[in-house]
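Peer 1: Sequence plus predicted model, see below.
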Amino acid sequence: MAGELFAVAGVPFEKASELQRQVLATFAFGMIFALGKIERLSPPDVHALAICCLTDVFKYADHQAAAFSSDLIVTASGKSGNPTRKAIVHRGIDGHRQWHQRQTDQFKANIEGVFKAVGA
């Protein structure tokens with residue numbers, strides 16, 4: 001799921017800017033959050049899945065992935081956090097549905113829209 005984001009965005013991982021990498025990782029977290037709700041995963045399981053995704057797909061170091069995922073959890077909870085990041089998480093939640101229903105054009109447009117909005 002998250003591994004497909006670079007291809008859908010048309011940006012190979014090796015050529016992605018740090019901003020693009022962070023945006024796609026935040027979007028992926030929204031997808032993971034949606035999956036966690038659908039599958040009734042516990043919050044620690046969603047956190048662990050997010051850390052694995054951030055290290056395996058986005059190549060963050062363990063300590064970076066742990067800190068980034070914790071920040072994303074706070075953002076997704078609505079308690080605080082960066083409003084732009086919160087919007088990207090919600091676009092990722094929508095993206096999970098698009099990906100799951102194989103709405104390829106809408107999924108691609110969703111990611112491209114996020115890139116455009118943040119200037120990535």
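Peer 2: Arrived safely.
Peer 1: any chance you could map the helices in the protein?
Peer 2: Using DSSP state H, the helices found in the chain span residues 5-9, 18-38, 43-56, 62-77, 83-100, 104-118.
Peer 1: ok, the nearest residue to residue 119 once chain neighbours are set aside - contacts?
Peer 2: Nearest residue to residue 119 in three dimensions, chain neighbours excluded: residue 19, at 7.7 Å (C-beta to C-beta, 6 or more residues apart in numbering). Every C-beta, even on glycine, is put in place using the N, C-alpha and C of the backbone. Applying C-beta atoms under 8 Å, 6 or more residues apart in numbering to residue 19 gives the contacts 118, 119, 120.
Peer 1: Residue 71 is in contact with residue 77, isn't it?
Peer 2: No - Residue 71 is beyond contact range of residue 77, at 10.8 Å (criterion: C-beta atoms under 8 Å).
Peer 1: Of those two, give the one with the bigger neighbour count.
Peer 2: Counted by other C-beta atoms under 10 Å, residue 71 and residue 77 do not tie: residue 71 has more neighbours, with 16 against 12.
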